[in-house]
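K.L.:
All I have is the shape, not the residue letters:
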RNA sequence: GCUGGUGUGGCUCAGGGGUAGAGCACUUCCUUGGUAAGGAAGAGGUCACGGGUUCAAAUCCCGUCAUCAGCUCCA
């Protein structure tokens, strides 16, 4: 019965672990404990990849050990995108060495060595890894009395598993990048070398992944931003300070206008605070003590012996608080919603700067809601709805996270507890999903963060909804209750896009620069065939401006084909070509940028088409 | 801020101890073209900045700045 034998063999070869009580148990462990469970095959499922990638990390370590015998190893976990291993060698390893390591890994994998597992006591383990100070460091963090060792050939590693049964199963992987990382993620500790890699069960999946990465690189907003002349950074201006070029500024302005209307509809009032406020205020708010290292300060000399320190605002809340204080408030006024496109400055670490995603000066679509404790829930929900309206308009996937009290924080634990619970309650009551980010809150209160994913799957925090009992207390804010009693309002800080900078960056990657009509920097590219058609082009451009559409006339002394090509490459959503026919009949020849198809419309039809497309979105 | 890369005209990049090249873009002229690069001529950089080594540096070394990847941090 050769057929059956063959089938059995396939099953045997592909089985890599078991699922037992919702946990992945590798075959080594299952055999030792006599466990049986649902089999996990070698494929691209989440469970399977976790085992595969973990073992690939070990194979990489084995290869590194073979190439660099003095290598010491820290940890090599599976992460969202593949795996990594942190280690240390006496010789420096660079990008070019990744190929060599990959080759060694393939050589080792060819030997099809079995991966064995055995347990030893912590003391034995310490003896075994006595000359690997990094492994000893790992063990310090393990409370158990016995630990497991995985062994493949002469390479042994302290590990919890699970692992593949045999290293020969590892075939489709790639080492992606090399970087430095602190031991334990603490910048006070020594720096280790970290190599990131990815692995899949088959060739196609690996290829798809690598293709996706290449596509993501093409979408990088820094690259597209330069190509489309949206924004730019210049060394002489300073790191982290963006220049918005005309096209980028037009795009941004469209967003601003859409959002302005959306705020007004929801009862927000525009306000404006100054760029810098006296440091005394930042001391009251707690920013001076808790956020000072991120702030820029300046002094103004009133007289020779009198200098006043000012802090350039890193947030807009203090300005809005002062607006609140400008009048006596009644419970009848609440909720009061102030919003501002607030320019803030934050001294981010140089290494953290990243295109428009992280800059040192940015503009938040910031608002502060002053309300009664009873109104908190409905206000939170209203903001969450607002967020959803905008994110779904742009077809973004996003997730929400509730962040709890950070190490550096102001206010009583009790207040933190109450406000954190208030956020959870609001979300739970409306069946909204969220994750918890322990210790990720702002120093003045817990928050709900809205995170969207960029082209390469990196998550970026955009919107944020922060509950704050502390600032109202520190500034002794109050309103008159119905008994004319003085009551402290609750403050909700919130931003939806987060910042125009980051949001435009994410939008750029999301659409790969091919923005929908309602936010595109230019709505229409006009290509007049000859000079005699310039007048009609200009006439149309003016009419387009009247209905709120920007256009660009491509009438340089280039061939028609060249100008159409240039317009195509500029990613303008709509291209129209004007010649004798169009001028004579007052018609428009439209070229669809994506399909390259052409069709004709009367001028009136065209105008109404553009107007519809621009107005199709309302937040 | 840390670790490791990179830094040549507006952009993309080649070159590399003896005082700089290409393509695109730009300017001018010819061409007035019906849907993805018509032709010709020309201008533009002293090789991020500062210092050092050397007879000689853009090229080697050090520092600074910027930038990239990651750590950390965050809208």
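P.N.:
Okay, I see it. Quick caveat, the model's predicted, so the values are computed rather than measured.

K.L.:
Show the contacting residues for the closest residue to residue A:164 other than its chain neighbours.
P.N.:
Nearest non-adjacent residue to residue A:164, counting by C-beta to C-beta, 6 or more residues apart in numbering: residue A:55, 4.2 Å away. Yep, even glycine has a C-beta here, placed from its N, CA and C like the rest. Applying C-beta atoms under 8 Å, 6 or more residues apart in numbering to residue A:55 gives the contacts A:115, A:163, A:164, A:167, A:169, A:170.

K.L.:
Rounded mean pLDDT for the strand or helix carrying residue A:55, please.
P.N.:
For residue A:55, the enclosing helix or strand under DSSP states H and E is helix A:46-67. Averaging pLDDT along helix A:46-67 gives 90.

K.L.:
that older thread, among the contacts of residue A:55, which lie within strands?
P.N.:
residue A:115 (DSSP state E).

K.L.:
Residue A:483: which of the contacts of residue A:55 is nearest?
P.N.:
Lowest distance from residue A:483 to those (C-beta to C-beta) belongs to residue A:163, with 68.6 Å.

K.L.:
what sits against that closest one?
P.N.:
Contact analysis of residue A:163 by C-beta under 8 Å, 6+ apart lists A:26, A:28, A:51, A:54, A:55, A:58, A:115, A:117, A:150.

K.L.:
what do you get for residue A:445?
P.N.:
Taking C-beta under 8 Å, 6+ apart, we find residue A:445 in contact with A:411, A:416, A:419, A:466, A:467, A:468, A:469, A:470, A:493.

K.L.:
The same query, at a cut-off of 10 Å, please.
P.N.:
A:403, A:405, A:409-411, A:415-416, A:419-420, A:423, A:466-471, A:490-493 (C-beta atoms under 10 Å, 6 or more residues apart in numbering).

K.L.:
Make a ChimeraX selection of the buried ones in these.
P.N.:
The ChimeraX selection below is limited to those of the contacts of residue A:445 classed as buried (16 or more other C-beta atoms under 10 Å):
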select /A:403,405,409,410,411,415,416,419,420,423,466,467,468,469,470,471,490,491,492,493
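
K.L.:
Give me the subset of the contacts of residue A:445 lying in strands.
P.N.:
Reading strands off the contacts of residue A:445 with DSSP E, I get A:403, A:466, A:467, A:468, A:490, A:491, A:492, A:493.

K.L.:
Turn those into a markdown table, columns for distance to residue A:251 and pLDDT.
P.N.:
As requested, these are exported to a markdown table (distance: C-beta to C-beta, whole Å; pLDDT from 0 to 100):
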| residue | distance to residue A:251 | pLDDT |
| --- | --- | --- |
| A:403 | 30 | 90 |
| A:466 | 28 | 92 |
| A:467 | 32 | 91 |
| A:468 | 32 | 90 |
| A:490 | 35 | 93 |
| A:491 | 32 | 95 |
| A:492 | 29 | 95 |
| A:493 | 26 | 95 |
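
K.L.:
Spell out which parts of the stretch 1-150 of chain A neighbour RNA strand B.
P.N.:
Taking C-beta under 7 Å from any atom of the strand as the criterion, the stretch 1-150 of chain A approaches RNA strand B at residues A:92, A:94, A:95.

K.L.:
ok, those vs residue A:501, which is closest?
P.N.:
Among these, and counting by C-beta to C-beta, the member closest to residue A:501 is residue A:95, at 30.0 Å.

K.L.:
quick one, domains of chain A?
P.N.:
Domain segmentation of chain A under automatic domain parsing yields A:15-215, A:225-509, A:524-615.

K.L.:
The second one near RNA strand B at all?
P.N.:
Think domain A:225-509. Yes. Counting by C-beta under 7 Å from any atom of the strand, RNA strand B is contacted by domain A:225-509 at A:226, A:233, A:235, A:238-240, A:346, A:348-355, A:357-360, A:362, A:364, A:406, A:440, A:442, A:449, A:458, A:461-464, A:495, A:498-499, A:501-502.
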